[in-house]
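Q: sharing a model prediction with you, sequence too.
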Amino acid sequence: MEENKEQEKDYNGTEWGDSSEKTKEIRYFLEGPKSRGSELWYAIKIFFEFIKGFRTFHFIGPAVTVFGSARFKDDHPYYKLGQRIGGELVKMGFTVMTGGGPGVMEAVNRGAKEAGGRSVGCNIELPFEQKPNPYMDKWVELDFFFVRKVMLLKYSYAFIVLPGGFGTLDEFFETLTLIQTKKIKNFPIVLMGSKYYTDIRELLDVMLDEGTISKEDLDLIMMTDNVDEAMAHIHHYAIKQHGLTKKIFKPSRFLGEKFFHKEKAK
């Protein structure tokens, strides 16, 4: 019991989990129509969550988002894989973005930070598992899942999907849907963990056979266990094919903005 209570606290001792006021508030929002005043209040809160995210990440440069489970410990092979991926991505010049929590997300942020690169995250409160990890240079705390998913997609030019649960699959399929419907460019998606995702690959093949998706929808998906292959795929489809270069946005002194500088490791 005491151990579970400890798991509900983040690194600053803040309470996390099902009993928190924020979780109750979001649940109330999703339980059908409310008064007009209440609906307006939530619309305003959602607007300001977007603004908070935009201000946090506007100057991070081209990023790659890595999705994955919050539940793997630091001695797990997938945690080690995440660390290596984070380090390799910063060598290519990318900012590394994750969901900001523990497990695989922590591993990727840790790998990026230890390699001297830029490490950022979009954290959200979840019962018993989601806590901000200590390996991020910049991060934002969000209440709404859909705001978080916009942030994870908006700044990224490639996506890596490590083993995970419902949330990871949700992020994977939403990214696929946005690419399929041309809402975002054909940026590459890499599934890491061929054994773990065997059934997903087979499901996609069934969907293709039944005509519910097209062959072109799968062209940019790569499944591999080889980090070098994954980096080469991202280099070809995100950097070379799209001629990716870093956009420089001038900070506004009036808005209290500044560049996100991070010295490279020597």
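A: Yes, it's here.

Q: mind listing what the residue nearest the centre of the chain touches?
A: For the chain, the residue nearest the mean C-alpha position is residue 98 (3.6 Å; C-alpha atoms, centre = their mean). Applying C-beta atoms under 8 Å, 6 or more residues apart in numbering to residue 98 gives the contacts 65, 66, 67, 68, 104, 105, 106, 108, 109, 120, 121, 122. In this view, the C-beta of every residue, glycine as well, is placed from N, C-alpha and C.

Q: strands - which of the residues you listed land there?
A: When these are checked against strands (DSSP state E), the matches are 65, 66, 67, 120, 121, 122.

Q: just those residues now: which is nearest residue 38?
A: Within these, the smallest distance to residue 38 is 25.8 Å, found for residue 122 (C-beta to C-beta).

Q: which parts of the protein are helices?
A: With DSSP state H as the criterion, the chain has helices at 2-7, 21-29, 36-57, 77-91, 104-114, 145-154, 166-180, 198-210, 227-234.

Q: what average pLDDT does stretch 28-47 get?
A: In this model, stretch 28-47 has a mean pLDDT of 93.

Q: now do the same end-to-end measure for that stretch.
A: Criterion C-alpha to C-alpha, to the nearest Å; first-to-last residue distance in stretch 28-47 is 18 Å.

Q: with stretch 66-80 instead?
A: 14 Å.

Q: same deal with stretch 136-150?
A: End to end - C-alpha to C-alpha - stretch 136-150 spans 19 Å.

Q: can you list contacts of that stretch?
A: If you take C-beta under 8 Å, 6+ apart as the criterion, stretch 136-150 is touched by 22, 25-26, 45-46, 49-50, 52-53, 56-57, 60, 99-100, 109, 113, 118-125, 132, 151, 171, 174, 260, 262.

Q: deepest-packed of the helices of the chain, please.
A: With neighbours defined as mean count of other C-beta atoms under 10 Å, these peak in mean count at helix 104-114, which reaches a mean of 28.

Q: ok, now which ones touch residue 156?
A: 62, 63, 64, 65, 97, 187.

Q: ok, 10 Å please
A: Contacts for residue 156 (C-beta atoms under 10 Å, 6 or more residues apart in numbering) come out as 62-66, 94-97, 175, 184, 187, 238.

Q: out of the residues you listed, the closest to residue 227 would be?
A: residue 66 (11.9 Å).

Q: my read: that closest one touches residue 110, true?
A: No. Assessed by C-beta atoms under 10 Å, residue 66 is found out of contact with residue 110, at 11.6 Å.

Q: which residues do those two both contact?
A: Shared contacts of residue 66 and residue 110, counting by C-beta under 10 Å, 6+ apart, come down to 82, 86, 96.

Q: shouldn't the first one be in contact with residue 99?
A: No. Taking contact to mean C-beta under 10 Å, the distance of 11.9 Å between residue 82 and residue 99 leaves them out of contact.

Q: any weak-confidence spans in the stretch 51-200 of the chain?
A: Residue ranges of the stretch 51-200 of the chain with pLDDT under 70: 126-130.

Q: which residues sit in contact with residue 187?
A: Counting by C-beta under 10 Å, 6+ apart, the residues that residue 187 touches are 64-65, 153, 156-159, 175, 178-179, 220, 234, 237-238, 241-242, 244.

Q: ok so, going back, a markdown table please, covering the helices of the chain and showing distance to residue 136.
A: Converted to a markdown table, the helices of the chain look like this (distance: least, C-beta to C-beta, whole Å):
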| stretch | distance to residue 136 |
| --- | --- |
| helix 2-7 | 20 |
| helix 21-29 | 20 |
| helix 36-57 | 11 |
| helix 77-91 | 11 |
| helix 104-114 | 5 |
| helix 145-154 | 13 |
| helix 166-180 | 18 |
| helix 198-210 | 28 |
| helix 227-234 | 21 |
